[in-house]
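Student: show me the folded form of this:
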Amino acid sequence: MMIIIAVVIILIIYNMVVYKKTNRIKLSKSILIALLFSILINIQLAVNYLIPIEKYDGIGIANKVSYWLIGDEGWSTKLFEDFFYKSTIISFILLFLYLIFLIIEEFVYSKK
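Tutor: Presented below is the predicted three-dimensional model:
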């Protein structure tokens, strides 16, 4: 949860700095940053979900990003799968939002 709050704060600060410099709000760039961050998290969760299934008898956290998100308690293959699928859905939503905001910004700023 703290990671999400930190990313949101960073994106708000980024938008404020860009707005002061260009007098335009570029939400597509902020969403792109969030999308890239989400894809990196998704890769880490995929590694954490797939390695125990294919190689080992037990389960465990494979990297620090997964540990920060999942935590210490209640590990199960189903929990890892749920985190991976939810992360994938969030990545697709961010990709969709990025495309929408990119089209809107191109349309609005091309008229000026």
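
Student: could you use CA atoms for every contact and neighbour count after this?
Tutor: OK.

Student: longest single helix anywhere in the chain?
Tutor: helix 77-111 (DSSP state H).

Student: so how far is stretch 99-112 off the chain centroid?
Tutor: Computed by CA atoms, centre = their mean, to the nearest Å, the chain-centroid distance of stretch 99-112 equals 23 Å.

Student: ok, stretch 72-87 next?
Tutor: How far stretch 72-87 lies from its chain's middle: 16 Å, per CA atoms, centre = their mean.

Student: list the buried residues of the longest helix of the chain.
Tutor: 77, 80-81, 83-85, 87-88, 90-91, 94-95, 97-98, 101-102, 105 (16 or more other CA atoms under 10 Å).

Student: packing partners of that helix?
Tutor: helix 27-54 (3 or more CA pairs under 8 Å, 6 or more residues apart in numbering; DSSP states H and E).

Student: chain center to the helix it packs on, what's the gap?
Tutor: Averaging C-alpha positions (CA atoms, centre = their mean) puts helix 27-54 6 Å from its chain's average.

Student: likewise stretch 77-93?
Tutor: Using CA atoms, centre = their mean, the offset of stretch 77-93 from its chain centre is 11 Å.
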